[in-house]
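Colleague: Fold the stuff below for me.
(one chain, ligands or ions: 2)
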Amino acid sequence: MIDDGSSLTVEMEVEDSPAAAIAPREPPKIQRLEESVINRIAAGEVIQRPVSAVKELVENSLDADSSSISVVVMDGGLKLIQVSDDGHGIRREDLPILCERHTTSKLTKYEDLFSLSSMGFRGEALASMTYVAHVTVTSITKGQIHGYRVSYRDGVMEHEPKACAAVKGTQIMVENLFYNMIARRKTLQNSADDYGKIVDLLSRMAIHHNNVSFSCRKHGAVKADVHSVVSPSRLDSIRSVYGVSVAKNLMKVEVSSCDPSGCTFDMEGFISNSNYVAKKTILVLFINDRLVECSALKRAIEIVYAATLPKASKPFVYMSINLPREHVDINIHPTKKEVSLLNQEIIIEMIQSEVELKLRSANDTRTFQEQKVEYIQSTLTSSRSDPPVSPLLSGQKTQKVPVNKMVRTDSSDPAGRLHAFLQPKSHNLPDKVSSLSVVRSSVRQRRNPKETADLSSVQELIAGVDSCCHPGLLETVRNCTYVGMADDVFALVQYNTHLYLANVVNLSKELMYQQTLRRFAHFNAIQLSDPAPLSELILLALKEEDLDLGNENNDDLKERIAEMNTDLLKEKTEMLDEYFSINIDSNGNLSRLPVILDQYTPDMDRVPEFLLCLGNDVEWEDEKTCFQGVSAAIGNFYAMHPPLLPNPSGDGIQFYTKRKNIDQDLLSDAENAWAQREWSIQHVLFPSMRLFLKPPAAMASNGTFVKVASLEKLYKIFERC
Ligand code: ADP
Ligand code: MG
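Modeller: Numbering: from 1, shown residues only. Ligands and ions are numbered 1, 2, ... in the order given. Purely as a prediction, here's the structure:
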């Protein structure tokens, strides 16, 4: 209370005398900072926390060609960090300037930066440590009978180097880190201790530098928390550091590109498979042997995992990327935690596709025992003389193609879509960023056969879907690019050099049906905020239907039909709930629906029709027919039908303008519904189809896909213009 009162007075005083508030202030005097202040500020940047000191020291040891590095830590690194190596050591005559700022043995001129193979180059790390801690160095060089020990403070030796007994290499002790930076020390002491971070750092280093043995332990502890031995096999190193459970679930990945126009790199690594389960992504990334972070790559990989694997497990990924030295700028971050790459986007994209390919093929063979899909020339692609080969099957690199055959292959790249040419509208869509992450995470699906039902009827239905699959259409669906909506029902898609019109209602209906079977008995649920009474919903649907009975008992009859259907569905509640996550509560209210595709909810206006269809059209006696019927009803309900309100950006606008007073709410509802649907088509339907749809052969002839143009032919026409 007292506090409140006083702050109020202060405010009032200020308000009472506005002149005081704007009184001109004398410009503060600019002065030169003292060298020691400058150095301490700079040091605080380089050595942000104990783990940054460990990283610098270990990198120095690696630069000194060590084959064994051991780290001892006390009090999370605040009390002591001690790094010992068996490297080439430091010459006696270099010791006086060892810890001065900008003294290094690794760089002499700026240009060296681009041909450098050492980790360090700034000559700042040791100096920085001496400004924020007490540093003692013991080192011996080859051929010497004894070593030297010397302590440093603020960049300078505290005394002449003392001769001492020493084993091969260098030992650096950093004590009382941040002793002179009270605030930093306090925040670090309060935060969880850095020891975990140090262990993590050394684990990462150990699996990459598998020609060096690493150990890390707490001071006084007998057992090391990281202990790696030199091994020629990377997988062995991963096994010894991260354990068998990680190593046994890894797959090797490799990509290399040698494009003379600039994108040249090699990547090799290991990625976790679908059996690996973890809550947090581990991406151990080395670029030209430097341990770095790259959030864009991390996100790109997470997206692929989320979109491809059944469980929401985060991946374990080790990757080592090598590029020509001149393509990497290592000098963009004070602790060299990040680097900047030439052609970063392309590199990330290529790695992402490789990871996706690897996962998808591993997943396909594992979950569906899918036979290798031989390309069968389909009616859709018959005009091509050279059959398109799926990258999924060939793993071949793309080759230069003539311009008239160039196609957009990145299905997630928005550029070139119809949207890009249209005036953006501010639709009220939550988080509708068309980023790849949203796209991919929106299609996270379960595909694990263990999770689908054991029921043979469901297995048979799934087998039926697989056996009807049209290979040419499958190829088209997997590799096509969504261009935009051509009208209310047809989307324009591009596949190789052809343009097709694809019926999104048919496609989505089929996809939802297939997904219902695949997720059978393992659905996530959509909880309805207002449970709705079944009988009323069914009645509503009946009223919509034109029964045309032509007598006044019409309503009575409808009520009776509604009643019967309600009773029927109530009888089936247990089954509907258990297998399809359709919940009808004890009061006869519909309270829960299944999630068929993540991030997609069906149009609730279609619930009445759905319930009526369940009641009327499902054959409940035979198990298989029953499941098929319910799945088909769900498929139809969840399909991406045109919204019930006319499309305000199409011909439907007449519907709104004809009304004398345009109802703004109605108009904006309609706009939202249409925009929402289009978003879902682009970001949920197409990405999901690419991954999961097995298009039935019937779709090749029933107008679901219609070829409208071929780029080569169009190109010939344009060429003449
Ligand atoms: P940088 O690594 O950028 O050169 P540092 O301050 O980390 O700068 O180290 C300064 C110099 O000290 C290095 O260039 C190297 O010559 C020497 N040095 C540091 N640590 C070691 C070590 N463990 N073994 C041998 N030489 C070392
Ligand atoms: Mg260094």
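
Colleague: Who are the contact partners of the residue in the chain positioned nearest to ligand 1?
Modeller: The chain approaches ligand 1 most closely through Gly120 (2.1 Å), counting by Cβ to the nearest ligand atom. Where C-beta positions appear, they are placed from N, C-alpha and C, glycine not excepted. Applying Cβ atoms under 8 Å, 6 or more residues apart in numbering, we find Gly120 in contact with 56, 59-60, 63, 104, 106.

Colleague: likewise Val230?
Modeller: Contacts of Val230 (Cβ under 8 Å, 6+ apart): 67, 210-213.

Colleague: how about the residues you listed, which pair is most distant?
Modeller: Taking Cβ to Cβ as the measure, the contacts of Val230 span a maximum distance of 11.2 Å, between Ser67 and Asn210.

Colleague: Compare those two (neighbour count), which wins?
Modeller: Ranked by neighbour count (other Cβ atoms under 10 Å), Ser67 and Asn210 place Asn210 first, with 21 against 14.

Colleague: so the more buried one makes contact with Pro232?
Modeller: Yes - Asn210 is in contact with Pro232 according to Cβ atoms under 8 Å; the separation is 7.2 Å.

Colleague: Check for me that the residue of the chain closest to ligand 1 belongs to a helix.
Modeller: No - counting by DSSP: H, G, I helix; E, B strand; the rest coil, one finds Gly120 to be coil, located in no helix.

Colleague: Where does pLDDT dip in the stretch 301-450 of the chain?
Modeller: The model of the stretch 301-450 of the chain has pLDDT under 70 over residues 310-312, 331-338, 363-450.

Colleague: Return the residues of the stretch 1-150 of the chain in contact with ligand 1.
Modeller: Within the stretch 1-150 of the chain, the residues that sit near ligand 1 (Cβ under 6 Å from any ligand atom) are 56, 60-61, 64, 85, 87-90, 98, 104-106, 120-127.

Colleague: which of the residues you listed count as buried?
Modeller: Neighbour counting over these (16 or more other Cβ atoms under 10 Å) leaves 56, 60-61, 64, 85, 87-90, 98, 104, 106, 120-127 as the buried ones.

Colleague: can you list the weak-confidence ranges in the stretch 151-300 of the chain?
Modeller: 190-192, 261-262.

Colleague: May I have the secondary structure class of the closest residue to ligand 2 within it?
Modeller: Relative to ligand 2, the nearest point of the stretch 151-300 of the chain is Ile172 (10.6 Å; Cβ to the ion). Look at Ile172: counting by three-state DSSP, its state is strand.

Colleague: try Ser139
Modeller: Following three-state DSSP, Ser139 is assigned to strand.

Colleague: how much space between it and His159?
Modeller: For Ser139, the distance to His159 (Cβ to Cβ, to the nearest Å) stands at 16 Å.

Colleague: Looking at these two, which has the bigger crowd around it?
Modeller: Ser139 (28 against 9).

Colleague: Show the contacting residues for that one.
Modeller: Ser139 neighbours (Cβ under 8 Å, 6+ apart): 89-90, 95, 147-148, 166, 169-171.

Colleague: Farthest-apart pair in these, please.
Modeller: Using Cβ to Cβ, the pair of the contacts of Ser139 lying farthest apart is Leu95 and Gly169, separated by 14.9 Å.

Colleague: which residues are in contact with stretch 284-292?
Modeller: Contact with stretch 284-292 is made by 55, 117, 119, 201, 204-205, 207-209, 293-294, 297-298, 317-323, 325, 328, 330, 336-339, 341, as judged by Cβ under 8 Å, 6+ apart.

Colleague: Mind doing that once more with 6 Å?
Modeller: Stretch 284-292 is contacted from outside by 204, 208, 294, 318-322, 328, 338-339, using Cβ atoms under 6 Å, 6 or more residues apart in numbering.

Colleague: just stretch 585-599 next, same as before
Modeller: Counting by Cβ under 6 Å, 6+ apart, 442, 444, 512, 515-516, 523-528, 531-534, 580-581, 583-584, 638, 684, 688 sit against stretch 585-599.

Colleague: can you check stretch 609-627 too?
Modeller: Here stretch 609-627 makes contact (Cβ under 6 Å, 6+ apart) with 457-458, 537-538, 541, 565, 568-569, 629-630, 633, 637.

Colleague: Quick one, which of those are buried?
Modeller: Neighbour-count burial (16+ other Cβ under 10 Å) applied to the contacts of stretch 609-627 gives 457-458, 537-538, 541, 565, 569, 629-630, 633, 637.

Colleague: and ligand 2, which of the residues you listed contact it?
Modeller: Among the buried ones among the contacts of stretch 609-627, no residue sits close to ligand 2 (Cβ under 5 Å from the ion).

Colleague: any idea which of those residues is closest to Lys218?
Modeller: Proximity to Lys218 was ranked across the buried ones among the contacts of stretch 609-627 by Cβ to Cβ; first place goes to Val458, at 53.8 Å.

Colleague: Check that closest one and give its pLDDT.
Modeller: Model confidence at Val458, given as pLDDT, is 89.

Colleague: Let me know the helix or strand that it is in.
Modeller: helix 456-468 (DSSP states H and E).

Colleague: got the end-to-end distance for stretch 91-106?
Modeller: 14 Å (Cα to Cα, to the nearest Å).

Colleague: Run through who's touching that stretch.
Modeller: With Cβ under 6 Å, 6+ apart as the test, stretch 91-106 has contacts from 118, 120-121, 123-124, 126-127, 130, 141, 148, 150, 152, 155, 157, 161.

Colleague: What residues sit buried inside it?
Modeller: Those would be 92, 95, 98-101, 103-104, 106, for stretch 91-106 by 16+ other Cβ under 10 Å.

Colleague: Convert the strand or helix carrying Val477 to CSV, retaining C-alpha atoms only.
Modeller: Using DSSP H and E, the element containing Val477 is helix 471-479. Taking Å, rounded to 0.1, in the frame of the first residue of the first chain, the C-alpha atoms of helix 471-479 are listed here in CSV:
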residue,chain,number,x,y,z
PRO,A,471,0.6,-46.9,-60.1
GLY,A,472,0.6,-44.1,-62.6
LEU,A,473,-1.8,-42.0,-60.6
LEU,A,474,0.2,-42.8,-57.4
GLU,A,475,3.3,-41.4,-59.2
THR,A,476,1.3,-38.3,-60.2
VAL,A,477,-0.1,-37.7,-56.7
ARG,A,478,3.2,-38.2,-55.0
ASN,A,479,5.1,-35.8,-57.2
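
Colleague: how many neighbours does Arg606 have?
Modeller: So Arg606, with other Cβ under 10 Å, has 18 neighbours.

Colleague: Thanks a lot, see you next time.
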